[in-house]
Structure formats: C-alpha cells, structure tokens
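> following is a predicted model, sequence given first.
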Amino acid sequence: MSTRAAALLRKPGQPQRPSLLELFFDLVFIFALNRVSQRLVEDLTEGRMVLTETGESLLLLLAFLVLWFVTAWVTDIYDPQRPQLQLLVYAAMLGALMMAVAVPRAFGDGSLVFAGAYVAVHLVRGSVLVPVLRGHRAQRRAAGVLLWFSVSAVPWIAGAILPDPARGPLWALAIAIDGTALLLFYPAPWTLPTPGQWPVLAEYLSERYRQFFIIALGELILATGSAYSDASFRSGGAAAALSVSFITTVLLFRVYLFKAGQLLPEAINASSDPARLVREAFLAHVLMVAGIVAVAVGYELVIKHPWGRTEAAWVLVILGGPILFLVGRALAEYAVFARVSRSRLIGALALVAAAPAMTHLPPLAVAGTAVLVLACIATSDTLRAKGRPSERPSPPRFRH
C-alpha cells in the first residue's frame, strides 16, 4: 500500500465535524446561488421566455450543486488537513467563483468561462488524486470519477463553443451525465462494489448537508434584504413583504430541522446500505435547495411589486419554491423513517391546488398563502413532537 496514498485518506478516529476550510469554501456559494436567483428575477421581471430562461437557470444551479456535493464527498473521504486537499478545495472555490461571475452571461459570451471553470475544477481534482493514490485501492474510485467528468467535459466545452441553439441541449446532456454518474457513485469496470468503495462518515456528511441548507437560507435573506433596501422604506407593501419573507425563512428552517434533519447521522450509521441513504439525502437536498432559490426569486418579486395582479410565472416561483422544498423534505423523511408525514403531502397538494386562483390576487397575498401552509406544517410538527418525543429512525428500513 502506498504510504503517500494512505496519508491522504481520513484516519479512523479523526474528528467527524467539518473544519473551517469547508466553511470557508461555502462562502462563495452564497454569492453563486444569489447570482442564479438574480438572473431569474431579471428574466421574470423583463417578461422573457419563461420556460427557456427557467430551464437555463435550473441547469446553472444544478452545475453548482454537483460541484458543491462532489467537493463535500472529497473532504469526507480524504483528510482536509493535507496540503494537497486544501489546494484542491481552494481551486474548487476559485472555479465556483468564476462560474458565479459568468452566470448572467453564461448562455452568451460568458459560456466558455462558466463551462471551462466547471470542467477545470473536476479534471484538475482527478488529475491530482489519481497519481497520488497510486498503489492504493482508492485510486480506482478516483479514476472512475475522473473518467465520468472527462466524458461530460465534451458536451460542456462543445456547448460553450457552438452557437446558442446547441448550447442548451449539450449542457443539459452534460449535467445529466454528471448527475447520473454521481447518483450511481461513478461506476467503472475497475471500481469496487459501492459499499466498500465509498466509506461514509455519517456525522460529517450530514453536517455538511445541513450547512449547505443554511447557505441556501442565507442566500434567501441576502436576496430579500437587498430587494427591500433598494425599495422605498415608506412602502407599506414592501415592508409587509419583507416580514412575510422573514417568517417564511424561519418556517423553512423549522420544518427542515424537525426530526429527520436531526436524525440523519444516526440513520446513516444504522443503515445496512449507507450509500443508498446518502444518495437519497443528496436528492432531497437538491430539491430543497432548488426550492429555496425559487422562494428567494419569488419573494424578491413580491417585495418589489407587492400589489397588482400576479403573473402566472411569478406564481410558479412564489408557490413552486415551497412545493419543491416540501417534496425534498418528504424524501428526506422517507429516507430516515420509511414514511412521510401527511402534513407535508397535504401542504404541497394545497399549494398546487391553490396556484390557478393565485393569478387573481396580488403577489403579497400569494406569498401569504405559502406562509399559511408552512405555518400549519410547522404547527403539526410541534404537536407531533409532544406526542412522540422519542421517535427514532425506522429499523426495518435498514434491513432491506
């Protein structure tokens, strides 16, 4: 076994809590998520093609999410105190910053900057890890990851170079490759079975997931606070909208943290297939973070335009954000308890049912509807906690 390779891996007994390095890395993603939300706000305000622009913003958001989650898994498996790992984290941070700067023009003259930075981060990481891990079985895993990102690099760069009509489909193909490979844990002919190849530090990875959720909430506060500071302080509608936004932020936090959010580390440790649980938690957090970005877009629109008739596209983000969040939260709950609370399903269905009528109400009333539903769910959680204070993860789920 290579001594140099063994030194790069985490050792048994090392602290399982994230270090300041990972928290420092997270800072750039507040800016990145804000750039994505601002891009969508501008598109919706200016009345551009809603489906096209929303799809483009979603694609950019998914690229950031893949970059963050892969980096989190790298610092979960390898020792973040090693200089090589620290340099890779700094490189990923710089790449994410360049991507974020290019977001407003990512489908224009900034396409090569966005795609080039994304591809460079993943290929540089693999090019460093594969040689360093020579002689260790972990090299197979790193080579599998490098293989998949090398494949997706082709449509990423081709889409950046070719004219606009081809860019969207090529980038959609690229992110589909990256997302599928991630969910399958980067299989390759030479890789080992998933449980042995991807060791999981439950406390560490769960904490990183929770931290990224907090990052998304931070972007929500940044977006809405900035929108209000740009609006007239004498506007009662804008002040009411800011209050509704803050209440929504608190409710999202409470609904997220209740039970499943707290018990995820225990669930991963108890599972006979922790990799599957990690995958489900990843999907759940992708949905929840995407939902919060949509909430930030919707509430910024509400703060700037609290009165008047609500455009259908605005309803899509004002109510669609909480719906996405609730779907992701339900998936997280199912992963831990093998069941889903009825309050989440009822809440999501209530928002879907209410959406068609919302175009006849002012944006502030639409946001108030979302707050009412979230408040009902949070109240239901509080009542359940009093009735079942010692609820634990479901053992049968882990014996499957």
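Received it, and whenever you're ready, just let me know what you need.
> output the below-cut-off pLDDT ranges for the stretch 1-150 of the chain.
Within the stretch 1-150 of the chain, the segments meeting pLDDT under 70 span 1-2, 12-16, 47-50.
> go again with 50.
Counting by pLDDT under 50, the stretch 1-150 of the chain contains low-confidence ranges at 1.
> now the stretch 151-300 of the chain
Looking at the stretch 151-300 of the chain by pLDDT under 50, you get 195.
> swap the cut-off to 80 and go again
Low-confidence segments of the stretch 151-300 of the chain (pLDDT under 80): 190-203, 231-235, 258-278.
> the helices in it, which residues?
Counting by DSSP state H, counting those that start in this stretch, one finds helices in the stretch 151-300 of the chain at the ranges 164-183, 194-197, 202-230, 236-256, 262-270, 274-304.
> give me whichever of those helices is most buried.
When the helices of the stretch 151-300 of the chain are scored by mean count of other C-beta atoms under 10 Å, the highest mean neighbour count falls to helix 274-304 (a mean of 24). From N, CA and C alone the C-beta is placed, and that goes for glycine too.
> mind putting the helices of the stretch 151-300 of the chain into TSV with distance to residue 46?
Conversion of these to TSV gives the following (distance: least, C-beta to C-beta, whole Å):
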stretch	distance to residue 46
helix 164-183	18
helix 194-197	46
helix 202-230	16
helix 236-256	20
helix 262-270	40
helix 274-304	12
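> who wins for proximity to residue 374 among those?
helix 236-256 (4.1 Å; C-beta to C-beta).
> and the angle from that closest one to helix 202-230?
Angle, helix 236-256 to helix 202-230, by axes from the mean of the first three to the mean of the last three C-alpha atoms, to 10 degrees: 180 degrees.
> which other helices and strands contact helix 236-256?
Using 3 or more C-beta pairs under 8 Å, 6 or more residues apart in numbering; DSSP states H and E, the elements in contact with helix 236-256 are helix 202-230, helix 274-304, helix 312-337, helix 363-387.
> distance from the first one to the middle of the chain?
Here the centre of helix 202-230 is set off from its chain's centre by 10 Å, with C-alpha atoms, centre = their mean, to the nearest Å.
> that helix vs helix 312-337, what angle?
Going by the same axes, to 10 degrees, helix 202-230 makes 160 degrees with helix 312-337.
> and residue 327, how far is that from residue 279?
Remark: distance between residue 327 and residue 279 (C-beta to C-beta, to the nearest Å) = 16 Å.
> looking at the helices of the stretch 151-300 of the chain, which is nearest to residue 139?
helix 194-197 (11.1 Å).
> one step back: and the helices of the stretch 151-300 of the chain: which comes nearest residue 382?
Nearest of these (C-beta to C-beta): helix 236-256, 8.5 Å.
> pretty sure residue 58 contacts residue 289?
No - counting by C-beta atoms under 8 Å, residue 58 sits too far from residue 289 to count as a contact (11.7 Å).
> hang on, the earlier thing: can you add distance to residue 155 and give the helices and strands packed on helix 236-256 back as TSV?
Below are those laid out as TSV (distance: least, C-beta to C-beta, whole Å):
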stretch	distance to residue 155
helix 202-230	26
helix 274-304	20
helix 312-337	26
helix 363-387	37
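> those helices: which one's closest to residue 137?
Taking those one by one with C-beta to C-beta, helix 274-304 is closest: 16.3 Å.
> gap between the closest one and the chain center?
With C-alpha atoms, centre = their mean, you get 6 Å for helix 274-304.
> stretch 244-262 now?
Relative to its parent chain, stretch 244-262 has a centroid offset of 16 Å by C-alpha atoms, centre = their mean.
> would you mark the buried spots in stretch 68-86?
68-78, 80, 85-86 (16 or more other C-beta atoms under 10 Å).
> strands along the stretch 1-150 of the chain, start to end?
With DSSP state E, counting those that start in this stretch, there are no strands along the stretch 1-150 of the chain.
> what are the C-alpha coordinates of stretch 354-361, in PDB please?
Only the C-alpha atoms of stretch 354-361 are listed here, as PDB (Å, rounded to 0.1, in the frame of the first residue of the first chain):
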ATOM      1  CA  ALA A 354     -54.400  27.000  -4.900                       C
ATOM      2  CA  ALA A 355     -52.000  28.000  -7.700                       C
ATOM      3  CA  PRO A 356     -54.500  28.500 -10.500                       C
ATOM      4  CA  ALA A 357     -56.500  31.000  -8.500                       C
ATOM      5  CA  MET A 358     -53.500  33.000  -7.400                       C
ATOM      6  CA  THR A 359     -53.200  34.900 -10.600                       C
ATOM      7  CA  HIS A 360     -56.200  36.900  -9.500                       C
ATOM      8  CA  LEU A 361     -54.600  38.000  -6.200                       C
END
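> could you give me the buried positions within that stretch?
354, 355, 358, 361.
> show me what contacts the third one?
With contacts taken as C-beta atoms under 8 Å, 6 or more residues apart in numbering, residue 358 has the following neighbours: 310, 315, 318, 319, 365, 366, 369.
> what do you get for the second one?
When contacts are counted by C-beta under 8 Å, 6+ apart, residue 355 is found next to 315, 316, 319.
> how about 7 Å then?
For residue 355, the contacting residues are 315, 319, by C-beta atoms under 7 Å, 6 or more residues apart in numbering.
> my guess is residue 91 meets residue 123, correct?
No - applying C-beta atoms under 7 Å, one finds residue 91 not in contact with residue 123, separated by 10.7 Å.
> from residue 115, how far off is residue 152?
For residue 152 relative to residue 115 (C-beta to C-beta), the value is 10 Å.
> so the two - more neighbours on which side?
Each of residue 152 and residue 115 has its neighbours counted (other C-beta atoms under 10 Å); residue 115 has more, 26 against 23.
> I'd say the more buried one and residue 156 touch.
Yes - Residue 115 is within contact range of residue 156, at 4.4 Å (criterion: C-beta under 7 Å).
> run a quick neighbour tally on the residue lying closest to residue 133 once chain neighbours are set aside.
Once flanking residues are discounted, residue 133 sits nearest to residue 139: 3.8 Å by C-beta to C-beta, 6 or more residues apart in numbering. Residues lying near residue 139 (other C-beta under 10 Å) number 18.
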